[in-house]
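Novice: build me a model from this:
(2 chains)
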Protein chains: 2
Amino acid sequence: MQTFPELSKRHIDPTVFPPGVAFMDGQYLPISEAKISVLDNGFLHSDATYDVAHAWKGAFFRLDDHLDRFFAGLEKLHMAIPYSPAQVAEILHNCVALSGLQNAYVEFICTRGTSPTFSRDPRDAVNRFIAFAIPFGSVANPEQMERGLHAAITDIVRISPLSVDPTVKNYHWLDLVRGLYTAYDRGAETAILLDANGNIAEGPGFNVFAVKDGGISTPDFGVLMGITRQSVLEICDALGIRCQTRAVSSDELRTADEVFITSTAGGVMPITRIDHRPVGSGLVGPVTGQITENYWRMHEQDQSRTAIVYPVDAR
Amino acid sequence: MQTFPELSKRHIDPTVFPPGVAFMDGQYLPISEAKISVLDNGFLHSDATYDVAHAWKGAFFRLDDHLDRFFAGLEKLHMAIPYSPAQVAEILHNCVALSGLQNAYVEFICTRGTSPTFSRDPRDAVNRFIAFAIPFGSVANPEQMERGLHAAITDIVRISPLSVDPTVKNYHWLDLVRGLYTAYDRGAETAILLDANGNIAEGPGFNVFAVKDGGISTPDFGVLMGITRQSVLEICDALGIRCQTRAVSSDELRTADEVFITSTAGGVMPITRIDHRPVGSGLVGPVTGQITENYWRMHEQDQSRTAIVYPVDAR
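Specialist: Reported below is the predicted structural model:
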């Protein structure tokens, strides 16, 4: 006679979670509780948009820019949340404050959600807002920040703007993950993908910049309009460094004096080897160093900062 | 003085879930418990593969084909699960048996998971297997099955094979969702996307077929190799209907005698209008009808069936 397994009432999750606080359905929760149903279209169809801001030394950096991009993305995806930008800012503040983290990676998400009638029509779904704060992370670890990353330029093409709008920050990363495995196979640490025209696009979570003869260039087609990328453009402007947003070829990147990448997760990070060959001197270059320094100095300017009040300060 | 919200211990989820049973971490659970962490790369990077089999009248249909495709996808994504195909088959069987559903939509998923050290390197992540059975669903509702669907051919390009391998069943659907909203705007019910060469690719969860002068054609580039698509090819073979897998232009689809689509979610479904113009007679055609009938008849053949034993039968 066939026997059947028992049906458990509640899931017991063996996963180890980092510290952190999340918000969903009006509730502030430990990050271990922040889960979405496997039936949520945000998972089943990767039908979601998000943004990642960061808190540094107890203050958000350029929070309004992240909020603007997020709300623009919602509109482009025909999604709506019951919170204004100011209310989202308050939720993010509370997540960081309750986590106690001075340096935090702060993600906020809207998923398509599920339909109460289980219809397949995305217009019937109830959109879902989730936010969380976890410890600040970086694409490059401290050793890699010091010596520079080793990147591979792969022939994998970043998902085209004809398919998915890259200005809507999204989770479509299988091309980037494929790039990473290709890079690992070649003995590199990260990957750079091409655009449909064979020029440089971007890498897993970062924009790419080439420095040549004191001038800088970065791709402008088929890439995320990164907030850190924007900070670099503003820094160049302030320092009088010529910076062009235009097509950048693989050869241009390989023969650059310096190469660096930008991401909210880590800021400005040097690439000193591409496909086993040194970029320029093979050391972190002076322009990269100057921009990195200015990027972190920007964090102390009042117009970029939104200070966080922690429970311990409010007592 | 600033006040802070309370941190709750457990999430209270207001979502309404359909009936169904899920499996994760060795536990069989109500579908409402089947959730993944927002930190799982299967969500954050849509770094996952899956398959959907169906149970019909108490038996799986072509289960081995779905298992083969799933395990091939795992390998292509450098993922591994601690279950053999036979063990996955047993888990799926138990999900359906415990759900009591005679007709079920049975999805099984592997996500990249999270890294115990919170590293960003996908090689450090612990892959996660999840399966669930919910009531059988269909792309077309009964009324649409009777009169045929109204589709729009959009100029949105399906994510290219140069970016994401379409033979690995994946959740990268933002292009398809964008197609749906474009179709709704034009007064249609579903969308058909193009490939990079401007030919017909596929729609949200389905392959597309054109019938002309008694012969059939279906795209072979940049599309999912659907199991229902495969069933149609075999039915054509058995019935002596010429069926070509090749590039199909938009014009060819618009001027076809009949158009139909295929999906595990619904089987063979007629399209009778494209961009407000009737396809052929504008009624469900005889070839579509014949193939639909043979598709459901296939469900009764021993070589396609894996019978499910339910607890009530085993008593």
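Novice: hang on, residue A:52 in a strand?
Specialist: Yes: applying DSSP: H, G, I helix; E, B strand; the rest coil, one finds residue A:52 inside a strand.
Novice: next structured bit after the helix or strand encompassing residue A:28?
Specialist: Element membership of residue A:28, judged by DSSP states H and E, is strand A:27-30. Proceeding N to C from strand A:27-30, the next assigned helix or strand is strand A:35-37, under DSSP H and E.
Novice: and whichever helix or strand comes after that next one with chain B, contact?
Specialist: Downstream of strand A:35-37, the first helix or strand assigned by DSSP H and E is helix A:41-44. Yes: judged by CB under 8 Å from any CB of the partner chain, helix A:41-44 and chain B are in contact via A:42, A:43, A:44. Quick note: C-beta positions are derived from backbone N, CA and C, even for glycine.
Novice: which strands or helices does helix A:41-44 pack on?
Specialist: In this structure, helix A:41-44 packs against strand A:35-37, strand A:104-114, helix B:41-44, with contacts taken as 3 or more CB pairs under 8 Å, 6 or more residues apart in numbering or on different chains; DSSP states H and E.
Novice: the first one - contacts with which helices or strands?
Specialist: Packed against strand A:35-37, as judged by 3+ CB pairs under 8 Å, 6+ apart, are the following elements: helix A:41-44, strand B:35-37.
Novice: residue A:209 is nearest to which of the ones you listed?
Specialist: Nearest to residue A:209 among these is helix A:41-44; the distance by CB to CB comes to 31.7 Å.
Novice: contact partners of that closest one?
Specialist: A:36-38, A:47-48, A:109-114, A:122, A:125, A:128, B:36, B:42-43, B:171, B:173 (CB atoms under 8 Å, 6 or more residues apart in numbering or on different chains).
Novice: buried members of those residues into ChimeraX, please.
Specialist: Provided next is the ChimeraX selection string for whichever of the contacts of helix A:41-44 are buried by 16 or more other CB atoms under 10 Å in any protein chain shown:
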select /A:36,37,38,47,48,109,110,111,112,113,114,122,125,128 /B:36,42,43,171,173
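Novice: residues making contact with stretch A:234-249?
Specialist: A:197-200, A:208, A:210, A:214-221, A:232-233, A:287, A:290-291, A:294-295, A:298.
Novice: stretch A:297-306 too?
Specialist: Against stretch A:297-306 from outside (CB under 8 Å, 6+ apart): A:56, A:57, A:59, A:60, A:61, A:62, A:63, A:89, A:93, A:231, A:235.
Novice: likewise stretch A:81-95?
Specialist: Outside stretch A:81-95, the residues that reach it (CB under 8 Å, 6+ apart) are A:20-23, A:28, A:53, A:60, A:63-64, A:67-68, A:70-71, A:74, A:106, A:108, A:110, A:127, A:129, A:131-133, A:306, A:308-309, B:4-5.
Novice: CA atoms of the worst-scoring helix or strand of chain A on mean pLDDT as CSV?
Specialist: When each helix and strand of chain A is scored by mean pLDDT, DSSP states H and E, helix A:311-314 comes last, with a mean of 80. Provided in CSV are the C-alpha atoms of helix A:311-314 (Å, rounded to 0.1, in the frame of the first residue of the first chain):
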residue,chain,number,x,y,z
PRO,A,311,16.5,54.7,17.9
VAL,A,312,19.6,55.0,20.1
ASP,A,313,20.0,58.7,19.2
ALA,A,314,16.3,59.5,19.7
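Novice: can you give me how far it is from the chain middle?
Specialist: Computed by CA atoms, centre = their mean, to the nearest Å, the chain-centroid distance of helix A:311-314 equals 29 Å.
Novice: how much space separates the residue of the stretch 151-300 of chain A found nearest chain B from residue B:172?
Specialist: Relative to chain B, the nearest point of the stretch 151-300 of chain A is residue A:173 (3.6 Å; CB to the nearest CB). Relative to residue B:172, residue A:173 is positioned 9 Å away (CB to CB, to the nearest Å).
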